[in-house]
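J.: Predicted model and sequence below, questions to follow.
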Amino acid sequence: MKALCFAMACLAVAGCSGTGPAPVQRTAAEDPTAACLVGLDKHAALSVLKPRLASVADAEAAPPALRTSMATPTPDERRAIQAWAGLRKDCVNAGAEFRLRNAPPAYADLVEEENSRTTVLLSRLYVGQIGYGEFINERIALGSEMKGRRPNAREPHQRANAPIRQEEAAQRKAELSAALVLLQLPQ
């Protein structure tokens, strides 16, 4: 009987410890940024780019013929590229609150890095520094790199690299600023 009373007392104390239920684990797929970026394929302002890219949301959707294209953007395509860069920024901003509440800093940094690097690629395409094929291939490589780094971004040891991440973030910010100037978008 004493053992039963002790067990009940332990359960009562543990149940009233104030810790409450465990937090719900969120996934990257729940980040509003992901859904927003996928939705860009349906955006009317970007439809002019479909024949060149197959998909603005998924670089890997491009068939081999598009991946070897040396073509550079026409004036209409350049306007669409400008719109794309602005829409990507809006998508990343749409998920900022979600990442702040549900993701480790290293993961949030990764999302920002991917957007910055994609925007730099868009600016290089916009000014004709690279053609559509090279743009597609670099996006595929960037996507693969980011996909490989995502699982690590959730690890606690990434916090130890905060000073390095801050330096990298400052460099990316400078590159992004230069890209936004080329794309004639507000910073």
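T.: Done, it's in.
J.: Could you double-check that Val113 sits in contact with Lys173?
T.: Rather than Val, residue 113 is Glu. No. The criterion here is C-beta atoms under 8 Å, and Glu113 misses it with Lys173 at 10.3 Å. Just so you know, the C-beta spots here come from the backbone N, C-alpha and C atoms, and that holds for glycine as well.
J.: If you count surrounding residues, which of the two has more?
T.: Glu113 (20 against 13; other C-beta atoms under 10 Å).
J.: What average pLDDT does whichever strand or helix holds the more buried one get?
T.: Per DSSP states H and E: Glu113 is located in helix 105-126. Taken as a whole, helix 105-126 has a mean pLDDT of 94.
J.: Distance-wise, check the residue positioned nearest the centre of the chain relative to Leu46.
T.: Nearest to the geometric centre of the chain sits Val111, at 3.5 Å (C-alpha atoms, centre = their mean). According to C-beta to C-beta, to the nearest Å, Val111 and Leu46 sit 20 Å apart.
J.: Can you report how many residues neighbour the closest residue to Val38 other than its chain neighbours?
T.: Setting aside the residues directly before and after it, Val38 is nearest to Ala57 in space (C-beta to C-beta, 6 or more residues apart in numbering), at 4.9 Å. Neighbourhood size, Ala57 [other C-beta under 10 Å]: 17.
J.: again with Arg101
T.: 9.
J.: just for this structure, where's the confidence low?
T.: 1-26, 154-166, 186-187 (pLDDT under 70).
J.: hmm, try it at 90
T.: Scanning the chain for pLDDT under 90 picks out 1-30, 103-109, 150-187.
J.: the helices in it, which residues?
T.: For the chain, the helices defined by DSSP state H cover 2-15, 32-39, 50-53, 64-67, 75-94, 96-102, 105-126, 132-153, 162-182.
J.: Show me which of the ones you listed has the highest average neighbour count.
T.: Compared across these, helix 105-126 shows the largest average neighbour count, a mean of 21 (mean count of other C-beta atoms under 10 Å).
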